[in-house]
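Colleague: got a structure for you, letters missing:
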């Protein structure tokens, strides 16, 4: 190419973030790309499977192996040759995209910069870390459905949460004037099903900064490498929101000190809003739960009060006002609120959803649907019974978890939060969930102690 175009420059890039065709198709830049007729293109037919089976049968597309383009960008024109290149010819090594921009060198470098910057900035995506970072468009779509008006919480509590993160992002100069790091840490705690996740989504949707979500610290190179990459990426994206769900599971005795060093060590974490969630605040190390410089504020999401349960019922009353199967009088609001003591918001939602499914099923079968009031009160009773049963079973399982620290069959110790116990049924060992374990009318096979489940 240099010999063919000796009167101009040939600028070459193999940067994986440079994708000229995507840049032309999606950016707001003024750029025209036309495939050259005098260069025979080589393309492969590929099949793309759908993300979900219900989305269809997939589609046929083209993958470019070799092609030439005429490109007009701003006031500059280039001839561009694209080729996939293997560093080791005739091998199975990874093929790399190699772009050759034929034209003035400085404008070519400017085009590479603009294109790579655009392609490296993922819009309409949440960054997800699970062994490595990847942009997740599906999660972003899920986040867009969240809205604070659908989050039923005590209004003063909701206002406090909203003020916390909103004031953080608009107070950079105040932090600098006070000569304190512009970072903040929040913990959302409380039993599952009470609004932690939906509140997180509402925050991620509103803040208009990159959202980063961590599923696990684990990588092929260990937790420390994962933690380092998580915070390095967060610093590159800052200001941003970094979400660590289930802190008590993510942070272990082995990775705790490394995590703490990344949170408040020498590295610059300016612009980082760190939000952790936990269903088991008591399991967190005091270095996390009690020191303000790491997590400055804790927000407790308990089971809803009677007022909040009534408010949640009002929310559903509004949603169902045009449903012909539902007669939802105001008097039922108080009945629902009174009969759902100790219900989480997740249980309340299940009561309404299962009721509507029951009514819809009867209607589609040609039956006369039952009265909405009777069905929802029956569903509440069913859920109430399951709460009582589950509480007894989990209490037994939890007490065993605290006691069962002795060696089991010489295979090491069971930790207090381990979810697999061994039982004997005769000579047969079985494994089951915590609730199922509590139903087995057999003993715990401990080396030093044996606990009998009450009949």
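Modeller: Nice, I can see it. Note that the structure is predicted; figures quoted are calculated from it, not measured.
Colleague: hey, where'd the strands end up in the stretch 1-150 of the chain?
Modeller: 10-13, 31-35, 42-48, 59-73, 76-86, 95-102, 126-129, 133-136 (DSSP state E, counting those that start in this stretch).
Colleague: ranking those by burial, who's on top?
Modeller: strand 126-129 (a mean of 22; mean count of other Cβ atoms under 10 Å). Quick note: C-beta positions are derived from backbone N, CA and C, even for glycine.
Colleague: residues touching that strand, excluding its own?
Modeller: Strand 126-129 is contacted from outside by 133-136, 139-140, 143, 204, 210-216, 226, 229-230, 233, 237, using Cβ atoms under 8 Å, 6 or more residues apart in numbering.
Colleague: what's the mean pLDDT across that strand?
Modeller: Averaging pLDDT along strand 126-129 gives 96.
Colleague: one more: stretch 323-342?
Modeller: Mean pLDDT, stretch 323-342: 92.
Colleague: do stretch 192-206 as well
Modeller: 95.
Colleague: tell me which residues of it come out buried.
Modeller: Within stretch 192-206, the residues scored as buried using 16 or more other Cβ atoms under 10 Å are 193-206.
Colleague: now stretch 295-308
Modeller: Neighbour-count burial for stretch 295-308, counted by 16+ other Cβ under 10 Å, picks out 295, 298, 299, 301, 303, 304, 308.
Colleague: thinking again about what came up before, go through the strands of the stretch 1-150 of the chain and name the closest to residue 258.
Modeller: Set against residue 258 and scored by Cβ to Cβ, the strands of the stretch 1-150 of the chain come closest in strand 126-129, at 15.4 Å.
Colleague: which neighbours does the closest one have in its sheet, and in what orientation?
Modeller: As defined by DSSP bridges, the strand partners of strand 126-129 come to strand 133-136 (antiparallel), strand 211-214 (parallel).
Colleague: quick check: domain ranges of the protein?
Modeller: Following automatic domain parsing, one gets these domains for the chain: 10-120, 126-300, 307-389, 404-455.
Colleague: still on that earlier bit, turn the strands of the stretch 1-150 of the chain into JSON lines, including distance to residue 324.
Modeller: As requested, the strands of the stretch 1-150 of the chain are exported to JSON lines (distance: least, Cβ to Cβ, whole Å):
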{"stretch": "strand 10-13", "distance to residue 324": "62"}
{"stretch": "strand 31-35", "distance to residue 324": "53"}
{"stretch": "strand 42-48", "distance to residue 324": "42"}
{"stretch": "strand 59-73", "distance to residue 324": "40"}
{"stretch": "strand 76-86", "distance to residue 324": "59"}
{"stretch": "strand 95-102", "distance to residue 324": "57"}
{"stretch": "strand 126-129", "distance to residue 324": "38"}
{"stretch": "strand 133-136", "distance to residue 324": "38"}
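Colleague: quick one on the thing from earlier: which of the buried residues of stretch 192-206 lies closest to residue 121?
Modeller: When these are compared against residue 121 (criterion: Cβ to Cβ), the nearest one is residue 204, at 17.0 Å.
Colleague: quick one: that closest one from residue 49, how far?
Modeller: To residue 49, residue 204 is 29 Å away according to Cβ to Cβ, to the nearest Å.
Colleague: what's the most distant pair in the buried residues of stretch 295-308?
Modeller: 295 and 308 (25.0 Å).
Colleague: correct me if wrong: residue 143 contacts residue 205.
Modeller: Yes - judged on Cβ atoms under 8 Å, residue 143 makes contact with residue 205 at a distance of 5.1 Å.
Colleague: what is the burial count for residue 376?
Modeller: Applying other Cβ atoms under 10 Å, we find 26 residues neighbouring residue 376.
Colleague: now do it, the pLDDT please.
Modeller: 94.
Colleague: ditto for residue 298
Modeller: At residue 298, pLDDT is 94.
Colleague: what's next to the helix or strand hosting it, contact-wise?
Modeller: Assigned by DSSP states H and E, residue 298 belongs to strand 297-300. If you take Cβ under 8 Å, 6+ apart as the criterion, strand 297-300 is touched by 157, 160-161, 164, 184-190, 281, 289.
Colleague: let's see 6 Å
Modeller: 161, 186, 187, 188, 189, 190 (Cβ atoms under 6 Å, 6 or more residues apart in numbering).
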